[in-house]
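Asks: Can you look at this prediction? I've put the sequence above it.
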Amino acid sequence: APGTPKNTTVKYEAVGDTTQVTIDGVDAAGKATHSEWTGKFDGADYPVTGDAMSDQRSYKRVDAQTLAFSAKKDGKVVYSGRIVVSADGKTRTVTLHAMDASGKKVTSVAVYDKQ
């Protein structure tokens, strides 16, 4: 039975006045995935590479601990959500809203240790 896609490592790095986000994980079939995005947390779309589901992603700072994100494929939003870092800075909660293969809206919540 197919599993659920999962990010195992997410790394944020400053690159000049932008941020590079590198995501490694596994897809629903258990195959390794790797994507990279470089842009600003200004809500504008910037290209993403390595993500079969999207070709553009945007991030926007909501407050000091929260980022809203959206991913598009061919100009259409394919998933969106929020990333919230806990007040103590030790965990990161990602809430994702997407459509499954049958077109049904799905929401997932994952909590990660922040490294």
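Replies: Structure's in. What do you need?

Asks: Remind me which helix or strand Lys11 belongs to.
Replies: For Lys11, the host element (DSSP states H and E) is strand 6-15.

Asks: mind saving the C-alpha coords of the following helix or strand past that strand as CSV?
Replies: Next along the chain after strand 6-15, taking DSSP H and E as the criterion, comes strand 18-26. Output of strand 18-26 as CSV, limited to C-alpha atoms (Å, rounded to 0.1, in the frame of the first residue of the first chain):
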residue,chain,number,x,y,z
THR,A,18,17.2,35.8,-0.1
THR,A,19,16.6,32.5,1.6
GLN,A,20,17.3,29.0,0.2
VAL,A,21,14.9,26.3,1.4
THR,A,22,16.2,22.7,0.7
ILE,A,23,13.7,19.9,1.4
ASP,A,24,14.6,16.2,1.4
GLY,A,25,12.1,13.4,2.1
VAL,A,26,10.2,10.5,0.5
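
Asks: Okay, angle between strand 18-26 and strand 6-15 too, please.
Replies: Angle of strand 18-26 versus strand 6-15, following axes from the mean of the first three to the mean of the last three C-alpha atoms, to 10 degrees, is 160 degrees.

Asks: just checking, what packs against the helix or strand following strand 18-26?
Replies: Per DSSP H and E, the first helix or strand lying C-terminal to strand 18-26 is strand 32-39. Judged by 3 or more C-beta pairs under 8 Å, 6 or more residues apart in numbering; DSSP states H and E, the packing partners of strand 32-39 are strand 18-26, strand 46-49, strand 56-63. Every C-beta, even on glycine, is put in place using the N, C-alpha and C of the backbone.
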